[in-house]
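**Student:** Provided below are the primary sequence and the corresponding predicted coordinates.
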Amino acid sequence: MFFVLSKMVWFVLSPVNLAILLALLAALLAFTRWARAARWLGVASLGFLALMAFSPLPRLVMWPLENRFPQQPAEKGPVTGIIILGGAIGVARGDVVLTSAAARMTKAVELARLHPQAKIVFTGGAANLISPVTKTESDGASVLFEGLGLPRERILLEDKSRNTRENALFTKQLVDPKPGERWLLVTSAWHMPRSMGVFRKAGFAVEAFPVDYLTEEKASEFVRVSGRAPRGLMIADDGFKEWVGLLAYRLAGYTDALFPGP
């Protein structure tokens with residue numbers, strides 16, 4: 001129920017979707033007795049969309065998330081296993097498709113080669129709400145990892161999870177971690193606080209290995225007008241979604257803190 005509800009609510013509350021829906025509403029009201037209000041609503045929705053597309057606001061929203069857990073050196077110490085969260089890969093026409101979060105996958109391969117004894121665990125099923133599932137993210141991960149030379153016997157695939165909470169629960173069941181083992185958790189830096197909170201709540205001790213940064217290290221370095229509207233809108237959508245997700249997961253009791261930290 002939580003999964004379905006979260007998908008439906010976010011469809012409306014996504015900043016980009018919300019701005020477009022409000023603009024469509026304004027267009028409809030323009031032909032009614034509320035035409036004056038429609039003009040103001042249209043201007044407001046367009047202004048909001050422009051703010052997210054071109055202003056520093058999306059990166060300012062994203063920056064605290066990406067700085068919550070420090071970046072780690074790839075070669076540090078022995079590692080039992082490397083856990084990669086889904087959200088970066090898919091399969092289309094029988095071939096692998098990488099999303100803008102592809103650094104999760106490329107960094108996983110780099111870590112796998114630096115730690116040849118470590119298990120490689122990919123967790124991600126299919127988060128489709130309506131369309132039928134034919135291939136999961138795990139199917140894509142298997143093709144990619146083996147194609148890049150990782151031995152199949154090192155790879156463990158968890159293909160049932162649909163969200164971060166299920167990532168943690170199902171992965172723990174799959175690998176059955178033991179005390180003293182060292183597990184790295186690889187996901188986008190902006191997604192790391194919620195991910196760590198969920199794994200801790202599930203009783204799975206993991207070490208944060210954030211990747212896929214979308215902001216600069218210092219906030220002052222990106223306080224400027226953006227020249228790429230699609231990029232700004234994407235960052236806005238991911239950033240606002242993550243803050244909403246942190247609140248929703250905390251209220252649902254899925255994380256150990258509102259804003260998990262080191």
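**Tutor:** On my side now, so go ahead. Residues are numbered from 1 along each chain as shown.
**Student:** residue ranges in the protein under the pLDDT threshold?
**Tutor:** Across the chain, the stretches falling below the confidence threshold (pLDDT under 70) are 1, 3-4, 7, 10, 127-133, 219-225.
**Student:** report the secondary structure state of the residue nearest to Ser6 when sequence neighbours are not counted.
**Tutor:** Counting by CB to CB, 6 or more residues apart in numbering, Ser6 lies nearest to Ala248, which is 6.7 Å off, once chain neighbours are set aside. Yep, even glycine has a C-beta here, placed from its N, CA and C like the rest. Ala248 falls in the helix class when you classify it by DSSP: H, G, I helix; E, B strand; the rest coil.
**Student:** tell me how far Ala248 lies from Lys241.
**Tutor:** 10 Å (CB to CB, to the nearest Å).
**Student:** before we move on, what about Val43?
**Tutor:** Taking CB to CB as the measure, Val43 falls 25 Å from Lys241.
**Student:** ok, these two, which is more surrounded?
**Tutor:** Comparing Val43 with Lys241 by other CB atoms under 10 Å, the one with more neighbours is Lys241, at 17 against 12.
**Student:** the helices in the stretch 101-250 of the chain, which residues?
**Tutor:** Remark: helices of the stretch 101-250 of the chain, listed N- to C-terminal, are 103-114, 137-147, 164-175, 192-201, 229-252; assignment by DSSP state H, counting those that start in this stretch.
**Student:** could I get the buried residue list for the first one?
**Tutor:** Translated: helix 103-114. By neighbour count, with 16 or more other CB atoms under 10 Å as the criterion, the buried positions of helix 103-114 are Ala103, Arg104, Met105, Lys107, Ala108, Val109, Glu110, Leu111, Ala112.
**Student:** also stretch 33-44?
**Tutor:** For stretch 33-44, burial by neighbour count (16+ other CB under 10 Å) applies to Ala38, Leu41, Gly42.
**Student:** in which helix or strand would I find the last one?
**Tutor:** The one in question is Gly42. In this assignment (DSSP states H and E), Gly42 forms part of helix 35-54.
**Student:** what's the angle between that helix and helix 229-252?
**Tutor:** Following axes from the mean of the first three to the mean of the last three CA atoms, to 10 degrees, one obtains 100 degrees for the angle between helix 35-54 and helix 229-252.
**Student:** just the buried residues of the helix or strand that helix 35-54 is followed by, please?
**Tutor:** Note on helix 35-54: by DSSP H and E, the next helix or strand toward the C-terminus is helix 57-66. In terms of neighbour count (16+ other CB under 10 Å), helix 57-66 has its buried residues at Leu57, Pro58, Arg59, Val61, Met62, Trp63, Leu65, Glu66.
**Student:** the fifth one reaches Tyr213, doesn't it?
**Tutor:** No - using CB atoms under 8 Å, Met62 is not in contact with Tyr213; the gap is 9.2 Å.
**Student:** if we can go back for a sec, from the buried residues of helix 57-66, which is closest to Ser195?
**Tutor:** Set against Ser195, the nearest of those by CB to CB is Leu65 (11.0 Å).
**Student:** what about the closest one, distance to Gly124?
**Tutor:** Looking at Leu65 against Gly124, where the rule is CB to CB, the gap reads 20 Å.
**Student:** again, but for Gly86
**Tutor:** Relative to Gly124, Gly86 is positioned 2 Å away (CB to CB).
**Student:** what do those two both touch?
**Tutor:** Counting by CB atoms under 8 Å, 6 or more residues apart in numbering, the common neighbours of Gly86 and Gly124 are Glu137, Ser138, Ala141, Ser161, Asn167.
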